[in-house]
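Trainee: The amino acid sequence is not available; the structure is as follows:
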């Protein structure tokens, strides 16, 4: 019976895209920081993709040549069709991995699906992160993930007027990475929706040749998803943190093969394509494997410091819950004055000076609720 319930919950969660987390209900002890561990995992997956690309670049031309010779000798009609299909598939793969879009897609294929499954493990089954080397969910005698019980988080008594709210069925843990407390769901947003941003941006850029317009189109699409099945339609929450994670993820994928500029500093591509079309890490970038993703983590991902927008009925209940946690929240995040909290919150309205779709109206801000 228990297994049946788990299967039903998993099926349910696969139809729901909004995973909520709670950084207002803080742990009694600080969590272990596993940012460098996650970065090492991403670095390993990028290497897996590069190895496959480089092997195919060298071997596929020889394979295609061999198959074309077989066709000349083959008389069996069915076998001929099979060989032609195999050649077409190999040529398509070869053409794909000779392009920047194809290389990035190959890297995404080694990363994205793992985070979709991680959301299920954490939100539905309550299992620790499988990507980092601490199966007992402890590092340096500190807990790695933290989730309050479903009736002790800020959403506990909110949203019951809805037919279904994922806050009660798929509620994800908090984790600390590169000093940032955030929901595990932000990793899925960063490495899945971030790639969707990347793909849409370049499709639009190819059509318009206008980077500003392409980025604006992507941001508008992101806002529509947060107003839709990734957020408000499902559980009444428009998460600024989710959109920031999407935007940060876009820059991660963009920086794989393109330079990016943040705060007037330009970061060269992480990878380079050599003359023979093979791919390798860029010596000019020289990022350590433990810091590969560090640039993309900030307090934008923390939904206490970068609060969400709630529909009216849900907002009233969550507001009370946030106020009840004020003293502990202020101590945990070391917020001493209203002006300090205000400056921090408003610094998260943009991402390195760029619009990422932030919604600033009717936010449950710590500077106004807790001081």
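Mentor: Noted; the coordinates are in hand. Since we're looking at a predicted model, the values are computed, not measured.
Trainee: and the residue nearest to residue 44 when sequence neighbours are not counted, how far is that from residue 41?
Mentor: Ranked by C-beta to C-beta, 6 or more residues apart in numbering and with sequence neighbours excluded, the top spatial neighbour of residue 44 is residue 289, at 7.8 Å. Just so you know, the C-beta spots here come from the backbone N, C-alpha and C atoms, and that holds for glycine as well. As judged by C-beta to C-beta, to the nearest Å, residue 289 and residue 41 stand 9 Å apart.
Trainee: neighbour-wise, which of the two wins?
Mentor: For residue 289 versus residue 41, neighbours defined as other C-beta atoms under 10 Å are more numerous around residue 41 (21 against 16).
Trainee: Was I right to think the more buried one contacts residue 133?
Mentor: No. With contact taken as C-beta atoms under 8 Å, residue 41 and residue 133 are classed as non-touching, separated by 9.0 Å.
Trainee: okay, how far is it across stretch 224-242, tip to tip?
Mentor: Counting by C-alpha to C-alpha, to the nearest Å, you get 12 Å between the two ends of stretch 224-242.
Trainee: So what's the model's average confidence on it?
Mentor: Averaged over stretch 224-242, pLDDT sits at 82.
Trainee: Confirm that residue 175 sits in a strand.
Mentor: Yes. With DSSP: H, G, I helix; E, B strand; the rest coil as the criterion, residue 175 is part of a strand.
Trainee: Give me the pLDDT for it.
Mentor: pLDDT recorded at residue 175 is 97.
Trainee: For the residue nearest to residue 44, give me the pLDDT.
Mentor: The model reports residue 289 with a pLDDT of 95.
Trainee: Check the burial of residue 115 by counting its neighbours.
Mentor: 20.
Trainee: Ok, residue 99 next?
Mentor: Around residue 99 there are 13 other residues, counting by other C-beta under 10 Å.
Trainee: I'd like to know how far it sits from residue 106.
Mentor: Relative to residue 106, residue 99 is positioned 10 Å away (criterion: C-beta to C-beta).
Trainee: go on, residue 266?
Mentor: According to C-beta to C-beta, residue 266 and residue 106 sit 25 Å apart.
Trainee: Give me the residue ranges of the stretch 101-250 of the chain where confidence is low.
Mentor: Applying pLDDT under 70 to the stretch 101-250 of the chain flags residues 159-170, 229-232.
Trainee: So which residues of it form helices?
Mentor: Along the stretch 101-250 of the chain, the stretches classed as helices by DSSP state H, counting those that start in this stretch are 112-123, 166-169, 185-188, 194-208, 211-226, 232-235, 240-257.
Trainee: quick one: which of the ones you listed is nearest residue 344?
Mentor: Go through these one by one with C-beta to C-beta and the one that ends up closest to residue 344 is helix 240-257, at 13.5 Å.
Trainee: Packing partners of the closest one?
Mentor: In this structure, helix 240-257 makes packing contacts with helix 100-109, strand 180-183, helix 185-188, helix 194-208, helix 211-226, strand 260-262, strand 271-273, judged by 3 or more C-beta pairs under 8 Å, 6 or more residues apart in numbering; DSSP states H and E.
Trainee: Assign a three-state SS to the residue lying farthest from the centre of the chain, would you?
Mentor: Relative to the C-alpha centroid of the chain, counting by C-alpha atoms, centre = their mean, residue 75 is the outermost residue, at 50.9 Å. Local secondary structure at residue 75 is given as coil here, using three-state DSSP.
Trainee: Please shift the residue numbers so they start at 19 in all later answers.
Mentor: With the count now opening at 19, the last piece we talked about shows up as residue 93.
Trainee: pLDDT value on it, please?
Mentor: At residue 93 the predicted local distance difference test score is 74.
Trainee: and the gap between the residue nearest to residue 62 and residue 125?
Mentor: As it turns out, when the distance is counted by C-beta to C-beta, residue 307 lies 15 Å from residue 125.
Trainee: still on that earlier bit, can you put the helices and strands packed on helix 258-275 in TSV and add mean neighbour count?
Mentor: Supplementary listing: the helices and strands packed on helix 258-275 in TSV, determined by neighbours: other C-beta atoms under 10 Å:
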stretch	mean neighbour count
helix 118-127	19
strand 198-201	26
helix 203-206	28
helix 212-226	18
helix 229-244	17
strand 278-280	14
strand 289-291	18
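Trainee: Could you export these as a markdown table, including distance to residue 98?
Mentor: Putting these into a markdown table (distance: least, C-beta to C-beta, whole Å) gives the following:
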| stretch | distance to residue 98 |
| --- | --- |
| helix 118-127 | 28 |
| strand 198-201 | 54 |
| helix 203-206 | 45 |
| helix 212-226 | 36 |
| helix 229-244 | 44 |
| strand 278-280 | 48 |
| strand 289-291 | 35 |
